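Whatever this is, show me its structure:
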Amino acid sequence: MSRPRISALDLADVLIYLVVLGTFTQLFPAVISESFLASLLTAIILKLVLEVVVWAKTGIVGRIKAAETGRVRVLAGASLFVVAAGSKALILWLIDMVMGDAIYLGGFFAVTLLVVTLMAARAGLRALIR
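Numbering: from 1, shown residues only. Sure thing, here's the model as predicted:
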């Protein structure tokens, strides 16, 4: 039996991302959302981007563990760094392109804190569900 396109965990992730984003807009003046709908669309975009990033990081970590030479480990480690840093730039660019002035996530460091918080909240929610 095939997996549904949108699972309950996906919806739970979007909900927790929406809550975290709403909290950031309340606590950090640099994070601005003009409406609930803008926040919801941003949460969905964050879900999609972070799923791709998690998938990429998992693959790179697998390569690091399977590497037989130091050179391969160093290259995979550099790739991991590029994906980690590039994902924040990708989020900023994508949100700006899709949402325009309706959402402002601060800068690179604010987005980094946001992503770390999102991933921690996601892990906590999934642990609670299990």
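
middle-most residue in the protein, spatially?
Residue closest to the average C-alpha location in the chain (C-alpha atoms, centre = their mean): residue 50, at 3.3 Å.

Let me know whether that residue touches residue 121 as I believe.
No. The pair residue 50 and residue 121 fails to qualify as a contact (C-beta atoms under 8 Å) at a distance of 11.4 Å. The way it works is simple: take the backbone N, C-alpha and C, and place the C-beta from them, glycine included.

buried sites along the helix or strand where the residue nearest to the centre of the chain lies?
Applying DSSP states H and E as the criterion places residue 50 in helix 36-66. Residues 38-47, 49-50, 53, 56, 60, 63-64 are the ones in helix 36-66 that count as buried (16 or more other C-beta atoms under 10 Å).

ok, now stretch 84-101?
For stretch 84-101, using 16+ other C-beta under 10 Å, the buried residues are 87-88, 91-92, 95, 99.

Please narrow the residues you listed to those residing in helices.
87-88, 91-92, 95, 99 (DSSP state H).
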